[in-house]
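# Sequence below, structure please.
(one chain, ligands or ions: 1)
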Amino acid sequence: MVMQPVLRMTGVKVRRQGRTVLDIDHFAVAPGELVAIIGPNGAGKSSLLQVLNLLLPYCGKLELFGQNAATAQPLTVRRRCAMVFQETLLLDGTVFENVALGLKFRRLPREVVNDKVAAALDVFHCRHLADRQAARLSGGEAQRVCLARALVTDPELLLLDEPFAALDPSTRTALLTELRQLAQARSMTVLLVSHNFADVLYFADRAVAMAHGRIIQDDYPEALLRHPANEIVARLVGMDNIFACTVEPGSEQTVVRLTESIWFTLPGRHEAVRCCLPADAIYLWDERLSFARPPWVVVDGIVRQVVPGIGAERIMVQAEGIVFTLLAPRRQDTNRLQAGVPVRLAFHPADVHLL
Ligand SMILES: Nc1ncnc2c1ncn2[C@@H]1O[C@H](COP(=O)(O)OP(=O)(O)OP(=O)(O)O)[C@@H](O)[C@H]1O
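Predicted coordinates for the structure are as follows:
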């Protein structure tokens, strides 16, 4: 059975102050999908969510829950959606009152409201805050309350516009985990706008990259990471190594040159001007791993910088005018690499993505 999409856009455009800020040929999301929306500042991500929440006028066709949004009752459609913003828009009053607000117009008995609010607060571990004034919460607490308020109405479509941006990493991870589990348990569809691709990998099953109001890639998050459609997406997903290259396409294989002596071959015929190499696909030389054998590409260079990190260090190595960035497991202090130390690197051409 083909499932009816929760939302379907066809030829949707939005103009703001004389400029087209959203231009979507086709976009559809199935029930239960967890979709991340990424894009540089001004790409149109918030505009997309605002259109879906019927907050912004548009041209073209938008269907929500199988109904044409232009002719459907806005209130009926909105009751099936909820949106959470980066700013915690809580009203004066207690946490309980804020979360109960979404249920207020549904004429539910008081006991049902109490139970639903308590359950929503429980999900995000903030039941103990129920009687506190919303204005006096910390950023993380307020964001949990906003999520509880959005979820108390059991929305079928949840729109999240960077609600985790201001939270500390452990709170973010905890909230994303809770939200993912909850969405899966309820078969809820979620669109999450995020600038953090680690969150995207953690939360979403599908990632949509936007630029200049258009969708430029729509695929599994891992596909964007390994095979970005263009340089904008490569930068969005944090691709550390984007090198200029020249290619010599042959009938069966293509020679890709980064410099005169750093080159490799790829099967097939390719045209490209850029070569992407993820930092975790470059290895420090280790004779036990026999990286020297072709098709591994072996490069000698000098460490320029070591940027400490949790679990892994980011190491910049200069070789023939190119700076390679690689991730290496953090070592004992005594054994650490330093600027000026000669090193040998290796990467496999299969990890290279050409643009
Ligand atoms: N209220 C507004 N009036 C006029 N133009 C606007 C308004 N809000 C946004 N825009 C413009 O619309 C375009 C898309 O903005 P939008 O907020 O959708 O992008 P975004 O991808 O969410 O960006 P960011 O990552 O910075 O939040 C931008 O060029 C922006 O300047």
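
# Quick one: find the helix or strand in the protein with the lowest mean pLDDT.
Sorting the helices and strands of the chain by mean pLDDT, DSSP states H and E puts helix 74-78 at the bottom, at a mean of 86.

# From the contact counts, what lies against the next helix or strand after it?
Sequence-wise, the next helix or strand downstream of helix 74-78 (DSSP states H and E) is strand 81-84. In terms of contacts (3 or more C-beta pairs under 8 Å, 6 or more residues apart in numbering; DSSP states H and E), strand 81-84 is packed against helix 139-151, strand 157-161. From N, CA and C alone the C-beta is placed, and that goes for glycine too.

# what's next to strand 81-84, contact-wise?
With C-beta atoms under 8 Å, 6 or more residues apart in numbering as the test, strand 81-84 has contacts from 49, 52-53, 64, 102, 143, 146-147, 150-151, 153, 155-161, 163.

# domain parsing for the chain?
With domains defined by automatic domain parsing, the chain comprises 7-232, 243-354.

# got JSON lines for those domains, with mean neighbour count and distance to the ligand too?
Shown next, in JSON lines, are the domains of the chain (neighbours: other C-beta atoms under 10 Å; distance: least, C-beta to the nearest ligand atom, whole Å):
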{"stretch": "domain 7-232", "mean neighbour count": "18", "distance to the ligand": "3"}
{"stretch": "domain 243-354", "mean neighbour count": "15", "distance to the ligand": "23"}
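
# Can you flag the weakest of the ones you listed by average pLDDT?
Mean pLDDT is lowest for domain 243-354 out of those, coming in at a mean of 88.

# Which residues outside the longest helix belonging to the chain are in contact with it?
Identified as the longest helix of the chain according to DSSP state H is helix 169-186. Applying C-beta under 8 Å, 6+ apart, the set of residues contacting helix 169-186 from outside is 32, 34, 123-124, 140, 143-144, 147, 151, 154, 158, 164, 167, 188-190, 196, 199, 202-203.

# got a list of what residue 353 touches?
By C-beta under 8 Å, 6+ apart, the contact set of residue 353 is 226-228, 234, 275-277.

# As a markdown table, the residues you listed with distance to residue 179 and secondary structure would be great.
Output for the contacts of residue 353, formatted as a markdown table (distance: C-beta to C-beta, whole Å; DSSP: H, G, I helix; E, B strand; the rest coil):
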| residue | distance to residue 179 | secondary structure |
| --- | --- | --- |
| 226 | 25 | helix |
| 227 | 27 | coil |
| 228 | 26 | coil |
| 234 | 28 | helix |
| 275 | 37 | strand |
| 276 | 31 | strand |
| 277 | 33 | strand |
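
# Residue 224: which element?
Using DSSP H and E, residue 224 sits in helix 221-226.

# I'd like the distance from that helix to the chain centre, please.
10 Å (C-alpha atoms, centre = their mean, to the nearest Å).

# Quick check: bridge partners of the residue lying closest to residue 190 once chain neighbours are set aside?
Spatially, and ignoring its direct neighbours in sequence, residue 190 is nearest to residue 158 (4.6 Å; C-beta to C-beta, 6 or more residues apart in numbering). Applying DSSP bridges to residue 158 yields these beta-bridge partners: residue 82, residue 190.

# Quick one: residues contacting residue 158.
Residues in contact with residue 158, defined by C-beta under 8 Å, 6+ apart, are 81-84, 150-151, 183, 188-191.

# Could you rerun that using 6 Å?
Residues in contact with residue 158, defined by C-beta atoms under 6 Å, 6 or more residues apart in numbering, are 82, 188, 190.

# From the centroid of this structure, which residue is nearest?
residue 200 (3.3 Å; C-alpha atoms, centre = their mean).

# Double-check that that residue belongs to a strand.
No: if the criterion is DSSP: H, G, I helix; E, B strand; the rest coil, then residue 200 is helix and not within a strand.

# The closest residue to it other than its chain neighbours and residue 262, how far apart?
Spatially, and ignoring its direct neighbours in sequence, residue 200 is nearest to residue 36 (4.0 Å; C-beta to C-beta, 6+ apart). Look at residue 36 and residue 262: by C-beta to C-beta, to the nearest Å, they are 34 Å apart.

# now residue 73
Residue 73 sits 62 Å away from residue 262, going by C-beta to C-beta.

# same check, this time on residue 41
For residue 41, the distance to residue 262 - C-beta to C-beta - is 34 Å.

# same question, residue 173
Remark: distance between residue 173 and residue 262 (C-beta to C-beta) = 38 Å.

# quick one: the helices in this protein?
With DSSP H as the criterion, the chain has helices spanning 45-52, 74-78, 95-104, 110-123, 139-151, 169-186, 197-203, 221-226, 231-236.

# name the helices or strands packed onto the fifth one?
Judged by 3 or more C-beta pairs under 6 Å, 6 or more residues apart in numbering; DSSP states H and E, the packing partners of helix 139-151 are strand 81-84, helix 95-104, helix 110-123.

# That one to helix 169-186, inter-axis angle?
Calculated by axes from the mean of the first three to the mean of the last three C-alpha atoms, to 10 degrees, helix 139-151 forms an angle of 10 degrees with helix 169-186.

# Could you pull up the contacting residues of the residue nearest to residue 200?
Shown in contact with residue 36 (C-beta under 6 Å, 6+ apart): 192, 194, 200, 204, 207.
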